[in-house]
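[1] Structure, please.
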Amino acid sequence: MVRIASLVPSATEMLFALDLGEQVVAVTHECDYPPEAAGKRHLTRSLVPAGLSAGQIDAEVRRLTGEGRHLYELDEPVLAELDVDLIVTQALCEVCAVSYDDVVGVAARLPSRPRVSSLDPDDLGEVLNDIDRLGEVTGVSDRATELRRSLERRLAAVRAAVEGADRATVLPLEWLDPPFTGGHWVPEMIEIAGGDPLLCVRGGKCPTASWDEIAASSPDVVVAMPCGWNAGQARSEVEDHAAELAATGAERIWAVDGAASFSRPGPRLVDGTELLAHLLHPDRVERPAGVPFEPAPIAELAGQRS
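    Predicted coordinates for the structure are as follows:
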């Protein structure tokens, strides 16, 4: 049996979806889905203090990276103790996980000499490809094929449901202080859901935008999806930036769970796509069960428009 350490929440979700949960012996401190993953040994801790505001987090990340420092610390003694055969990590985002170079260096020092597999998708298709890759490296290719096909069927069902519908312009906000719009797979999710993404970079890092640029884009819909934050936290961010968001003139503003359904490149991106389709076309797509979101108080925002 392959003993696996997962250093990325999205990889943890994939491994459990492939019915490999019992072989996962350790995860990160941020691996909270499925719930049983949180009970595994933790291998990481964040060097960004808890309790900071969005703006403070951004400033601290910029300070640490500007000094050439990492954002996460890996517990090498625990990793050595667990005698793992495979470490699953990523090099896509330096803000999201332990440095890939650090992981490779640690793996080379471990007695078990574990294999390191890095999952670095830029778009939704590559996320699905990573399921196949993970299935191959863990010896469960048949399960991976089944999982991928089930996710592809759900995406196809969304496309079919919204075909021919009027398309709203959608501005995703992956951070609000300062504003970052949609990158990587998020624009594609919006398109599949029957919307037209604004100020986005498909298959690339989330771009920054000024509030003036955001207002000038005049979106029909704004979706606040702060990276790694839940719907309640996203709603609070919307309220903190009520005047700026009201200035967009958006007809609808939603706060969603970025951590669960948008920022982690795993199976639940399909949940997020289904949710977007419901928010944009409620007459065509039913609300997906168990996918949290909160409407923003547009009337209150309008009252704060400057």
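[2] use CA for all of it now, contacts and neighbours both
    Fine.
[3] first vs last residue of stretch 160-171, how far apart are they?
    23 Å (CA to CA, to the nearest Å).
[4] do stretch 218-226 as well
    Termini of stretch 218-226 sit 20 Å apart (CA to CA).
[5] What are the contacting residues of it?
    By CA atoms under 8 Å, 6 or more residues apart in numbering, the residues outside stretch 218-226 that reach it are 168-176, 198, 231, 234-235, 238, 248-259, 262.
[6] Please list only the buried members of these.
    168-176, 198, 231, 234-235, 238, 248-250, 252-259, 262 (16 or more other CA atoms under 10 Å).
[7] Now do the buried residues in stretch 260-267.
    Here stretch 260-267 shows 260, 261, 262, 263, 264, 265, 266, 267 as buried, counting by 16+ other CA under 10 Å.
[8] Restricted to helices, list those.
    260, 261 (DSSP state H).
[9] And the residue located most distally from the centre of the chain, how close does it get to residue 290?
    Relative to the C-alpha centroid of the chain, counting by CA atoms, centre = their mean, residue 111 is the outermost residue, at 33.0 Å. As for residue 111, its distance to residue 290 is 42 Å (criterion: CA to CA).
[10] Same question for residue 181.
    25 Å.
[11] These two - which one has more neighbours?
    Under the neighbour definition other CA atoms under 10 Å, residue 181 and residue 290 were set side by side, and residue 181 has more, 28 against 7.
[12] wait, doesn't the more buried one sit right on residue 205?
    No. Taking contacts as CA atoms under 8 Å, residue 181 lies outside contact range of residue 205: 9.4 Å.
[13] Residue 161 contacts residue 284, correct?
    Yes. Judged on CA under 8 Å, residue 161 makes contact with residue 284 at a distance of 6.0 Å.
[14] so what sits against both of the two?
    Contact with both residue 161 and residue 284 is made by no residue, according to CA under 8 Å, 6+ apart.
[15] ok, which stretches of the stretch 51-200 of the chain are helices?
    With DSSP state H, counting those that start in this stretch as the criterion, the stretch 51-200 of the chain has helices at 54-66, 76-82, 100-109, 124-138, 141-162, 186-192.
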